[in-house]
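Peer 1: got a sequence here, can you build the structure:
(chains A, B, C and D)
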Protein chains: 2
Amino acid sequence: MQTGTSVIIHPSPIIQQGIKSILLSRNISITEILNEIPEFVVVSQWKDMLILADKRFGDELTKHARILKKNGNTVIGIFTGEIIHAKDTIFDDMICIDDNMDHLLSKINGYLFRVTGTKSDSQLSVRETEILKMVAQGFSNKQIAVQLFLSIHTVITHRKNITSKLGIKSIPGLTLYAALNNLVDFQR
Amino acid sequence: MQTGTSVIIHPSPIIQQGIKSILLSRNISITEILNEIPEFVVVSQWKDMLILADKRFGDELTKHARILKKNGNTVIGIFTGEIIHAKDTIFDDMICIDDNMDHLLSKINGYLFRVTGTKSDSQLSVRETEILKMVAQGFSNKQIAVQLFLSIHTVITHRKNITSKLGIKSIPGLTLYAALNNLVDFQR
DNA sequence: GATAAAATACCAACATATTGGGATTGTCCG
DNA sequence: CGGACAATCCCAATATGTTGGTATTTTATC
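Peer 2: I've put the predicted structure just below:
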């Protein structure tokens, strides 16, 4: 399920939460959310991570450049406000607050491509995802079968595979998983 | 349970998600998330709302100043970057990206103070809320009964009342309702 | 062409949820 | 006092989900 892990370093709680939510929607887990650059001991433990840090920490981060590179991390700088692209060699890439979703996701996918070698996809098949979506929308197995022109047995089989793949047994659990992964509309 | 409703108007998905998450943590539901100021018809329907809008929409918002005031809305401007506090009369208050959580919450609490006197609280009783929470966490009626030292019949009765009060019949629907209303932990 | 995975379908037994009743006890408030 | 409501409990019938099997066909990949 997990395709990558990340660390967010930014003093603003709005940015922290905003980035967190976008990463989770792409199935990237968040290891730490920090307000500042931590000590070397902590930094040196990050491996193959996506590190999103406030651009203003550029200098401080540069001190850890060697270990970050060595451990295969991807470091992305976050701009707020003025778009002055100073050449910080520490950042592999940059995102700006005003970037639209497509732009943000393309940067994130760049990271995923580096870590996984493939596009970020869940372990669920297309059909399974389709059925999970409908489960989270409250449809019964019978209703799903009718709507997808399947036998109810097939739906049940798919659901068995979904629960065993995800390790989530309850319907509420599947629902929250679907909501977290943007399979169902969560707004209102 | 609901203490307030809000609208977020900002082009940046990071800001959108960040503010959303902070509002939900304060039990304020989000009616709409918009990239731009919508048409008058839409704006005129907002009542007793917390409206968080990009400061750059100040001028456009001013056009709707009369109806917004009349309907008892609270309008908060969002600064990104440069802290140039131009005097936009439309904004009742301002928040800045770099504000810490305490600062943000104090602004939000200001709004809550204004509305909670007029708003009616949740239609669910304490016991019903407690049970809804457990349903959304995936507990069966039997498990809930054991944990709360109740008969399973009582749990079923409560659930009947919950579904009839909320008008939500499916477990996934109840789960999403609970997640939206911060009864269950939604992030990870 | 063999192998793996996905998608499809079925059965039986058991577990849980839903629905539509009915009923008692307390508390708060007009 | 009486009404409204919250909280508790019970039953029976039906619907739906879960579990643990087996099995065929198609599609993709090496």
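
Peer 1: how is chain A partitioned into domains?
Peer 2: Domains of chain A are assigned by automatic domain parsing as A:4-116, A:126-180.

Peer 1: where in chain A is pLDDT low?
Peer 2: A:1-4, A:27, A:81-88, A:112-122, A:182, A:185-188 (pLDDT under 70).

Peer 1: so for chain B, which of the domains of chain A sits nearest?
Peer 2: Of all the domains of chain A, it is domain A:4-116 that lies closest to chain B, at 1.7 Å by CB to the nearest CB. C-beta: built from backbone N, CA, C; applies to glycine.

Peer 1: what sits against the spatially most distant residue from the centre of chain A?
Peer 2: Taking CA atoms, centre = their mean, the residue of chain A most remote from its mean C-alpha position is A:Ser151, at 34.4 Å. Counting by CB atoms under 8 Å, 6 or more residues apart in numbering or on different chains, A:Ser151 touches A:Ala145.

Peer 1: and chain A, which residues reach DNA strand C?
Peer 2: Proximity of chain A to DNA strand C, by CB under 7 Å from any atom of the strand, involves residues A:125-128, A:148, A:150-154, A:156-158.

Peer 1: by neighbour count, which of those wins?
Peer 2: Taking other CB atoms under 10 Å in any protein chain shown as the neighbour criterion, A:His158 ranks highest of the residues of chain A next to DNA strand C with 23 neighbours.

Peer 1: before we move on, what SS does that one have?
Peer 2: Going by DSSP: H, G, I helix; E, B strand; the rest coil, the secondary structure assigned to A:His158 is helix.

Peer 1: residues in contact with it?
Peer 2: A:His158 neighbours (CB under 8 Å, 6+ apart): A:Arg127, A:Glu128, A:Ile131.

Peer 1: again, only using 10 Å
Peer 2: The contact partners of A:His158, by CB atoms under 10 Å, 6 or more residues apart in numbering or on different chains, come to A:124-125, A:127-132, A:135, A:141, A:144, A:148, A:150.

Peer 1: check A:Ser25 too.
Peer 2: Neighbouring residues of A:Ser25 by CB under 10 Å, 6+ apart: A:Met101, A:Leu105, A:Ile108, A:Ala179, A:Leu180, A:Asn181, A:Asn182, A:Phe186, B:Pro13, B:Gln17.

Peer 1: looking at those residues, which is nearest DNA strand C?
Peer 2: Comparing these against DNA strand C with CB to the nearest atom of the strand places A:Asn181 closest, at 16.5 Å.

Peer 1: in what helix or strand does A:Leu105 lie?
Peer 2: helix A:101-116 (DSSP states H and E).

Peer 1: and what of A:Trp46?
Peer 2: For A:Trp46, there is no enclosing helix or strand under DSSP H and E.

Peer 1: so what's it closest to, chain neighbours aside?
Peer 2: Among residues not flanking A:Trp46 along the chain, A:Asn73 sits closest, at 5.5 Å (CB to CB, 6 or more residues apart in numbering or on different chains).

Peer 1: now that neighbour: phi and psi?
Peer 2: Here is the backbone geometry of A:Asn73 (degrees, to the nearest 10): phi -80, psi 160.

Peer 1: surely it is in contact with A:Val43?
Peer 2: Yes: A:Asn73 lies in contact with A:Val43 (CB atoms under 10 Å); the separation is 9.1 Å.

Peer 1: any common contacting residues for these two?
Peer 2: Counting by CB under 10 Å, 6+ apart, the contacts common to A:Asn73 and A:Val43 are A:Val7, A:Met49, A:Ile51, A:His64, A:Ile67.

Peer 1: for the last one, give its distance to DNA strand C.
Peer 2: According to CB to the nearest atom of the strand, to the nearest Å, A:Ile67 stands 36 Å off from DNA strand C.

Peer 1: assign A:Ile30 to helix, strand or coil.
Peer 2: strand.

Peer 1: what's around A:Asp99, how many residues?
Peer 2: A:Asp99, neighbours per other CB under 10 Å, totals 19.

Peer 1: what's the nearest residue to it if we skip its chain neighbours?
Peer 2: Distances taken as CB to CB, 6+ apart place B:Ser12 nearest to A:Asp99, at 7.2 Å, with adjacent residues excluded.

Peer 1: the closest residue to A:Met49 other than its chain neighbours: neighbour count?
Peer 2: Nearest in space to A:Met49, with sequence neighbours left out and distances taken as CB to CB, 6+ apart, is A:Asn73 at 4.8 Å. Using other CB under 10 Å, A:Asn73 has 22 other residues around it.
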